[in-house]
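Q: can't give you the sequence, but here's the structure:
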């Protein structure tokens, strides 16, 4: 873990040198790690696909052509066509946009809410901490998918609501990690020193607590991105995500289920896209954990 | 220990009340109208009003809350708005099917996950370790519903070895019951096997690096014995915690897998109820699922205390 132990108020310069050294070492470890390279390549491919999809004129995820419906992979349609004669390749590539957008949106939301709650809770302690932690116990009792399902039902079926639902579901994970780091850091002598020098709580959080929470939070962010892609696919599979005709992987899988026996490509390819995306986040998360803090477990 | 047990059981009461209240209010601020959901959008306003009165939907929210809470405390989980039948008996019929699938999935994840993690840890930094770890990460990255579809495609539609969907009660025909159980349980169990494998690996590596293991080896104990007598019991503890946490994921997963395999359990019931805005059914099913998760988690905590005499609860 990058512990900013040396950077007390008085010896900032020395702390910076140590930081740079640790960071170089961490980067070296990641670079040598082939698993991380594999993960980064996979993820880059998915992100590039998501970004350039609208600029490729040959791709059209919504054009239907009943004449070629349910035709298998061919030169013209490398991944085949679906029940309305739409190009599966185009739909898989466009599906990356929804998947990445929902995952990023929900994880950013969860991180903002969770880290704020976690630090406030850990830093203030007392009754506030007790109330917030009980509230979290409560949320952990719910299976994530069940909670997201209930929230989306209440808010209505759309991708924006999916982001909100998953943001709420994943916030406690961030809160727990942020709280644990806060509790560990706030008793350090350099925090005491900073406080005795008159540093405001905001400054202590900003300069000492946040930097110390960074590596566990980075790891939990990556792993949660993997969960969010999976959850988005699951909820879209159940018909609660993006509405048709816009393609999402989960939706494609649920539409393809009816044709499983005669057109298995409708099930195989969108599923592989989900696996590749989730796998890339998991691989990167694993390498980050090995490099930054092998003791952390989820 | 007894005091701890009592306190944990008492703590269930506010937790369950909170869950119940949250679900009640969530479902009662729904934008959709249950009466319209039952009758369809073309129903006449008079008919809609009549159904609303019959169902007690026009009473104020707090009155409905107190009435519903009172009934739940008396073991009456309400009446389904869609079928008009009591929910409690329906849940009792469906609960065994879900517990069966959850139990079978747990069996699979222990059976695959634990040995995989052990092999990886004892062959650290070899090709075997690498392959086991990659298998575990891959297992973690496969959506359970996609795995379900692929298993169905391979073993039912192509090889015609196993039935693609449906359920035969255990009491009727054991063999048929198991044949129907294999695919859904595998689809659910694989991701958790991956979690358990990873946890077993890192936990066993922790233990293998400790002084008492070196001592045991130094005094000439065979490696197998070091592993079984000294390491496994210690390495098991964190694995049990993780397995306990995963129980929630397991029950969440049944919602989707039961849907795919037409398995008549609670997971499918909750989904049907959500889509039909049958809020008494949603409330009751969610309550039962959360209660199952919480109770199993508590049992895991107790198992933990039994396995590790160093842990004292007071």
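A: Everything's here; your move. For clarity, every value in this text was computed on a predicted model and none was experimentally measured.
Q: can you tell me if stretch B:223-234 touches chain A.
A: No. Stretch B:223-234 lies out of reach of chain A by CB under 8 Å from any CB of the partner chain, never closer than 15.5 Å. Quick note: C-beta positions are derived from backbone N, CA and C, even for glycine.
Q: Please state the offset of that stretch from the chain centre?
A: Stretch B:223-234 sits 31 Å away from the centroid of its parent chain (CA atoms, centre = their mean, to the nearest Å).
Q: what's it in contact with?
A: B:118, B:122, B:204, B:207, B:208, B:212, B:213, B:216, B:217, B:221, B:307 (CB atoms under 8 Å, 6 or more residues apart in numbering or on different chains).
Q: I'd like those residues written out as TSV, with distance to residue B:159 and secondary structure added.
A: TSV is the format used below for those (distance: CB to CB, whole Å; DSSP: H, G, I helix; E, B strand; the rest coil):
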residue	distance to residue B:159	secondary structure
B:118	31	helix
B:122	34	helix
B:204	36	helix
B:207	42	helix
B:208	41	helix
B:212	49	helix
B:213	45	helix
B:216	47	helix
B:217	47	helix
B:221	47	coil
B:307	41	helix
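Q: In the residues you listed, find the pair that's most separated.
A: Greatest spatial distance in the contacts of stretch B:223-234: B:217 and B:307, 23.6 Å, computed using CB to CB.
Q: Where does chain A get nearest to chain B, residue-wise?
A: Nearest to chain B, among the residues of chain A, is residue A:143, at 3.1 Å (CB to the nearest CB).
Q: Other residues contacting stretch B:74-86?
A: B:34, B:38, B:55, B:68, B:71-72, B:87-88, B:90-91, B:273, B:276-281, B:283-284, B:287.
Q: same question but for stretch B:92-101, I mixed them up
A: For stretch B:92-101, with CB under 8 Å, 6+ apart as the criterion, the contacting residues are B:167, B:170, B:181, B:184-185, B:188, B:251, B:254, B:257-258, B:263-269, B:288, B:292.
Q: Now, of these, which are buried?
A: B:167, B:181, B:184-185, B:188, B:251, B:254, B:257-258, B:263-269, B:288, B:292 (16 or more other CB atoms under 10 Å in any protein chain shown).
Q: For chain B, which segments count as helices?
A: For chain B, the helices defined by DSSP state H occupy B:2-28, B:34-39, B:45-55, B:61-73, B:87-122, B:127-141, B:144-151, B:174-208, B:211-218, B:223-225, B:232-260, B:266-275, B:279-307.
Q: Take the ones you listed and lay them out in JSON lines including distance to residue A:181.
A: Formatted as JSON lines, the helices of chain B follow (distance: least, CB to CB, whole Å):
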{"stretch": "helix B:2-28", "distance to residue A:181": "26"}
{"stretch": "helix B:34-39", "distance to residue A:181": "45"}
{"stretch": "helix B:45-55", "distance to residue A:181": "50"}
{"stretch": "helix B:61-73", "distance to residue A:181": "39"}
{"stretch": "helix B:87-122", "distance to residue A:181": "28"}
{"stretch": "helix B:127-141", "distance to residue A:181": "25"}
{"stretch": "helix B:144-151", "distance to residue A:181": "32"}
{"stretch": "helix B:174-208", "distance to residue A:181": "20"}
{"stretch": "helix B:211-218", "distance to residue A:181": "29"}
{"stretch": "helix B:223-225", "distance to residue A:181": "39"}
{"stretch": "helix B:232-260", "distance to residue A:181": "20"}
{"stretch": "helix B:266-275", "distance to residue A:181": "36"}
{"stretch": "helix B:279-307", "distance to residue A:181": "25"}
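Q: Need those in CSV (columns: distance to residue A:198 and mean pLDDT).
A: What follows is the helices of chain B, written out as CSV (distance: least, CB to CB, whole Å; pLDDT from 0 to 100):
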stretch, distance to residue A:198, mean pLDDT
helix B:2-28, 41, 80
helix B:34-39, 59, 68
helix B:45-55, 63, 78
helix B:61-73, 50, 83
helix B:87-122, 50, 90
helix B:127-141, 48, 88
helix B:144-151, 54, 93
helix B:174-208, 42, 89
helix B:211-218, 46, 87
helix B:223-225, 59, 83
helix B:232-260, 43, 85
helix B:266-275, 54, 88
helix B:279-307, 44, 83
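Q: who wins for proximity to residue A:167 among those?
A: Of all the helices of chain B, helix B:2-28 sits nearest to residue A:167, with 16.1 Å by CB to CB.
Q: and the end-to-end length of stretch A:75-84?
A: Its first and final residues considered, stretch A:75-84 spans 19 Å by CA to CA, to the nearest Å.
Q: What parts of the stretch 51-200 of chain A come near chain B?
A: A:137-138, A:140-146, A:149-151, A:153-154, A:156.
Q: Got a ChimeraX select line for the buried ones in those?
A: To isolate the buried members of those in ChimeraX, using 16+ other CB under 10 Å:
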select /A:138,140,141,142,143,144,145,146,149,150,151,153,154
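Q: okay, now residue B:309: neighbour count?
A: For residue B:309, the tally of surrounding residues (other CB atoms under 10 Å in any protein chain shown) stands at 7.
Q: Just the buried subset of the contacts of stretch B:74-86, please.
A: So, by 16+ other CB under 10 Å, the buried ones in the contacts of stretch B:74-86 are B:34, B:38, B:55, B:68, B:72, B:87-88, B:90-91, B:273, B:276-281, B:283-284, B:287.
Q: which of those residues are close to chain A?
A: Checking the buried ones among the contacts of stretch B:74-86 against chain A by CB under 8 Å from any CB, the ones in range are residue B:277.
Q: Residue nearest the middle of chain B, spatially speaking?
A: Nearest residue to the geometric centre of chain B (CA atoms, centre = their mean): residue B:251, 2.0 Å.
Q: Show the contacting residues for that residue.
A: A:143, A:146, B:98, B:102, B:267, B:289, B:292, B:293.
Q: quick check, nearest of those to residue A:76?
A: residue B:267 (40.8 Å).
Q: Which residues are in contact with the closest one?
A: Residues counted as contacts of residue B:267 (CB under 8 Å, 6+ apart) are B:98, B:251, B:253, B:254, B:255, B:256, B:257, B:258, B:259, B:289.
Q: swap in residue B:153?
A: Residue B:153 sits in contact with A:260, A:261, A:264, A:267, where contact means CB under 8 Å, 6+ apart.
Q: tell me the two of those residues that are most distant?
A: Largest separation among these by CB to CB: A:261 and A:267, giving 10.1 Å.
Q: What residues does residue A:233 make contact with?
A: Contacts of residue A:233 (CB under 8 Å, 6+ apart): A:99, A:248, A:249, A:250, A:253, A:274, B:143, B:145, B:146.
Q: Skipping adjacent residues, who's closest to it in space?
A: Leaving aside its chain neighbours, residue A:233 sits nearest to residue A:250 (4.0 Å; criterion: CB to CB, 6 or more residues apart in numbering or on different chains).
Q: That neighbour - that's part of a helix, no?
A: Yes. If the criterion is DSSP: H, G, I helix; E, B strand; the rest coil, then residue A:250 is within a helix.
Q: neighbours around it, how many?
A: 30.
Q: Please verify my assumption that it contacts residue A:231.
A: No. If you go by CB atoms under 8 Å, residue A:250 and residue A:231 don't touch, sitting 9.4 Å apart.
Q: how many other residues sit next to the residue in the stretch 151-300 of chain B that chain A sits nearest to?
A: Nearest residue of the stretch 151-300 of chain B to chain A: residue B:252, at 3.1 Å (CB to the nearest CB). By other CB under 10 Å, 25 other residues sit near residue B:252.
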